[in-house]
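K.L.:
Provide a 3D model corresponding to the input given below.
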Amino acid sequence: MTFRAKLLQTILALVVVTTAASLLLVQRQNAAVFQTVVDRLFEEQMRTFQKTQELPLQASRAKARRLAQSVRLFAALEEGDPDLVYRVAGDELRTDVDDFAFFRLLDAQGKLIPPGEEGRAGAFDGQNLTGEWLPRGKPAQEVDFGFVATKDGAVFRMVAASITHFDETVGFLILGQPMPPDTSILVAGQLIGEGIPQALRAPLMARAGNAGRFEADGVEHRFTRFRLNAGSSYPPADWISVFSMAELGAQQRALLLRIVLTGVAALLLAALASVALSRQLSRPVSDLVKAAQSVRAGDYDVNLPPTRTFELNNLGSAFNEMAAGLALRDRYHSVLQQVTDPRVAEELVAGRVKLGGELREVSVIFCDIRGYTALSAGRDPVEVIEILNAHMTALTNIVQKHLGVINQFAGDAIMVLFGAPKSYGNDAENAVRCAWEMMQERERLNRNAKEPLRIGIGVSTGHVVAGCIGAESRSDYTVVGEKVNLAARLCSAAIAGQILVDAETRTKTSTLGTFEPLEPLTLKGFAQPVPAFRVKNVQLSTDEGETLS
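P.N.:
Numbering: from 1, shown residues only. The predicted structure follows:
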């Protein structure tokens, strides 16, 4: 995909994401506001209902309490004359009879005392009730109240009070008040009232809880319930209110349409702007891509032309400087690899070599040719160089195979490091294996060589100082210390075809092969005789195939 296409795609994607995020955010905020409005509406409806019902309920309770304490009513109940009972109760309630639809009296066993014919008790057919006058046979408290439905779909609030005389219950008083028809009340599993349409009742009744949501005819609705008679002897009755969310849905759809139209317009404008911008940016970026591909292929001879865009112009200049720097570094690296070991070159280029020197544990190999002076005497120097190069090339391959670092070539001698500038673990074992294979390789070459060469090898292990040594303008990476001198002296002491190692090397590689202890050697530069061991055979690693001895 081209840069221009990617830029266009990115800008359009940003517009789409921004539009979608805006739509989601606004929809959520709108839904939250609508939810708050609905919650407040429910609360207001509940407060209004409670206020309109509280005063009549309090008045009815007071009347029931006063009548239940009437001595005349107690005496009438004692006589057992229904007409007298209702006449006395009617006289007691004569100023309040219009505050409720009817009243009824029950005997001490909770059975209805039939009202008289004069109608002072109010017209109400008790057979029309779907429940009982007093469900538990007595009120749950001094003055109890509850709700009872009728078969014709009306709801009455029943206020019940015990009629007592000297702590003896002689009957019960029931006051009935009709509830407004536009109030929806759930009583005894029956939803009564005109406040909730019939189409909503079935899905509403299927929902549990005091508040929630349900769907009817594809429209979401919210509902809330409130218990009206908690702790009453009458069946639980709940006031229910339902609110349609259709208006919210309509608002959300209208909002969606507006945001989509705005998003489409923004997409068109963004497309036009991105096309214009991509034309200005695509050519410099394309040139930069081609130049980067050339650099990746190793061609550092690139030069980006200046552009009219300030940032891209700075980028092009920086890229040109980088390419020039890479070209110079590549030339330095090539030269460096020719004059030093590749691993040292890599560490130097990477800046991981401490120029001031560091203490490291290494294994050092010295190897030189026996009888080199006689070999070179009277020979053409070119021929001598060819012999040495062939010899050193073979040994170098073995050194690199065993992760060694060739520190220097000195005439016919070669100095190899293991553990500096980087340790690969088991440096002493790598050094002994390398020395052994160098000796075996030299013997193999001698079988077909016009001029057989015999070599001796010395190996020592211990701490040395490693770093770049020399002048500020010219230095070499090397190691110095007693162990370096010891390896050189062991090499000098070894006869042709012999590998000598010090005690430290032998200790670290004791399981690698067979070592023959020698009489301590008196070496130049060492005050005391030095223990030395001759390597008789070495177990090479599995991938090298065999034990050579």
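K.L.:
for the lengthiest helix in the chain, packing partners?
P.N.:
Ranked by residue count and defined by DSSP state H, the top helix of the chain is helix 3-68. Where contact means 3 or more Cβ pairs under 8 Å, 6 or more residues apart in numbering; DSSP states H and E, helix 3-68 is packed against helix 82-92, strand 143-149, strand 155-165, strand 168-178, strand 219-227, strand 237-244, helix 246-296. C-beta here means a position set from N, CA and C on the backbone, and glycine is covered the same way.
K.L.:
for the last one, what does the pLDDT average out to?
P.N.:
The one in question is helix 246-296. Averaging the model's pLDDT scores along helix 246-296 yields 75.
K.L.:
quick one, that helix and helix 3-68 angle?
P.N.:
150 degrees (axes from the mean of the first three to the mean of the last three Cα atoms, to 10 degrees).
K.L.:
quick revisit: out of the helices and strands packed on helix 3-68, nearest to G456?
P.N.:
With respect to G456, and counting by Cβ to Cβ, the nearest of those is helix 246-296 at 48.0 Å.
K.L.:
tell me what angle that closest one forms with strand 219-227.
P.N.:
Here helix 246-296 points in a direction 120 degrees away from that of strand 219-227 (the same axes, to 10 degrees).
K.L.:
okay, domains of the protein per the record?
P.N.:
3-244, 298-338, 341-548 (automatic domain parsing).
K.L.:
same list, those domains, but as JSON lines with mean neighbour count and distance to T262 please.
P.N.:
Listed next are the domains of the chain as JSON lines, based on neighbours: other Cβ atoms under 10 Å; distance: least, Cβ to Cβ, whole Å:
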{"stretch": "domain 3-244", "mean neighbour count": "16", "distance to T262": "7"}
{"stretch": "domain 298-338", "mean neighbour count": "13", "distance to T262": "31"}
{"stretch": "domain 341-548", "mean neighbour count": "18", "distance to T262": "55"}
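K.L.:
if we can go back for a sec, could the helices and strands packed on helix 3-68 go into CSV alongside distance to A121?
P.N.:
Converted to CSV, these look like this (distance: least, Cβ to Cβ, whole Å):
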stretch, distance to A121
helix 82-92, 5
strand 143-149, 16
strand 155-165, 14
strand 168-178, 10
strand 219-227, 30
strand 237-244, 24
helix 246-296, 47
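K.L.:
which stretch among those comes nearest G467?
P.N.:
Nearest to G467 among the helices and strands packed on helix 3-68 is helix 246-296 (33.0 Å), distances taken as Cβ to Cβ.
K.L.:
helices or strands up against the closest one?
P.N.:
Identification of packing neighbours for helix 246-296 by 3+ Cβ pairs under 8 Å, 6+ apart yields helix 3-68, strand 219-227, helix 310-339.
K.L.:
chain center to the second one, what's the gap?
P.N.:
Mean-position distance between strand 219-227 and its chain equals 38 Å (Cα atoms, centre = their mean, to the nearest Å).
K.L.:
now that strand: average pLDDT?
P.N.:
In this model, strand 219-227 carries a mean pLDDT of 86.
K.L.:
likewise the longest one?
P.N.:
Mean pLDDT, computed over helix 3-68, is 76.
K.L.:
name the helices or strands packed onto the following helix or strand past that helix?
P.N.:
Taking DSSP states H and E as the definition, the helix or strand that follows helix 3-68 towards the C-terminus is helix 71-79. In terms of contacts (3+ Cβ pairs under 8 Å, 6+ apart), helix 71-79 is packed against helix 82-92, strand 155-165, strand 168-178.
K.L.:
phi, psi of D299?
P.N.:
The phi and psi torsions at D299 (degrees, to the nearest 10) take the values phi -100, psi 100.
K.L.:
in this structure, where's the longest strand?
P.N.:
When the chain is parsed with DSSP state E, its longest strand is strand 454-470.
K.L.:
and the helix or strand that it is followed by, which strands flank it?
P.N.:
Along the chain past strand 454-470, the next helix or strand (assigned with DSSP H and E) turns out to be strand 475-480. Strand 475-480 has the following sheet partners, assigned by DSSP bridges: strand 454-470 (antiparallel).
K.L.:
how far does the strand it pairs with sit from the chain's center?
P.N.:
52 Å.
K.L.:
now D368: which helix or strand?
P.N.:
strand 358-370.
K.L.:
send the alpha carbons of that strand over as PDB?
P.N.:
Listed in PDB are the C-alpha atoms of strand 358-370, where the atom choice follows Å, rounded to 0.1, in the frame of the first residue of the first chain:
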ATOM      1  CA  GLU A 358      39.400  -4.300  32.900                       C
ATOM      2  CA  LEU A 359      40.300  -7.400  34.900                       C
ATOM      3  CA  ARG A 360      39.100 -10.600  33.200                       C
ATOM      4  CA  GLU A 361      39.700 -14.300  33.600                       C
ATOM      5  CA  VAL A 362      41.000 -15.600  30.200                       C
ATOM      6  CA  SER A 363      42.800 -18.500  28.700                       C
ATOM      7  CA  VAL A 364      45.800 -17.600  26.500                       C
ATOM      8  CA  ILE A 365      47.300 -19.700  23.700                       C
ATOM      9  CA  PHE A 366      50.700 -19.100  22.200                       C
ATOM     10  CA  CYS A 367      51.700 -21.200  19.200                       C
ATOM     11  CA  ASP A 368      54.900 -20.900  17.100                       C
ATOM     12  CA  ILE A 369      56.800 -22.900  14.500                       C
ATOM     13  CA  ARG A 370      59.800 -24.900  15.500                       C
END
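K.L.:
export the helix or strand that that strand is followed by as CSV, just CAs?
P.N.:
Tracing the chain past strand 358-370, the next element assigned as helix or strand by DSSP H and E is helix 372-376. The C-alpha trace of helix 372-376 is given here as CSV (Å, rounded to 0.1, in the frame of the first residue of the first chain):
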residue,chain,number,x,y,z
TYR,A,372,61.4,-21.3,11.7
THR,A,373,64.8,-19.6,11.4
ALA,A,374,66.2,-22.5,9.4
LEU,A,375,63.1,-22.6,7.3
SER,A,376,63.3,-19.0,6.3
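K.L.:
give me the contact list for helix 372-376.
P.N.:
Contacts of helix 372-376 from elsewhere in the structure, counted by Cβ atoms under 8 Å, 6 or more residues apart in numbering, are I369, V384, I387, G411, D412, E451, L453.
K.L.:
of all these, which comes closest to D476?
P.N.:
The shortest approach to D476 among these belongs to G411, at 16.5 Å (Cβ to Cβ).
K.L.:
related to what we said a few turns ago, so what angle separates the directions of the longest helix of the chain and helix 71-79?
P.N.:
Comparing the axes of helix 3-68 and helix 71-79 via the same axes, to 10 degrees yields an angle of 80 degrees.
K.L.:
so where's the stretch 351-500 of the chain uncertain?
P.N.:
Counting by pLDDT under 70, the stretch 351-500 of the chain contains low-confidence ranges at 351-356.
K.L.:
ignore what I typed, I meant the stretch 101-250 of the chain.
P.N.:
Flagging of the stretch 101-250 of the chain using pLDDT under 70 yields the residue ranges 118-120, 137, 140, 248-249.
K.L.:
to G263, which of the domains of the chain lies closest?
P.N.:
Within these, the stretch nearest G263 is domain 3-244; the backing value is 3.4 Å (Cβ to Cβ).
K.L.:
follow-up on the earlier one: so which of the contacts of helix 372-376 are in strands?
P.N.:
The strands, defined by DSSP E, take in I369 from the contacts of helix 372-376.
K.L.:
tabulate the contacts of helix 372-376 (TSV), appending distance to G195.
P.N.:
Output for the contacts of helix 372-376, formatted as TSV (distance: Cβ to Cβ, whole Å):
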residue	distance to G195
I369	115
V384	118
I387	115
G411	114
D412	114
E451	119
L453	115
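K.L.:
taking the contacts of helix 372-376 one by one, which sit in helices?
P.N.:
Using DSSP H to define helices, the subset of the contacts of helix 372-376 located there is V384, I387.
K.L.:
this completes my enquiry, with thanks.
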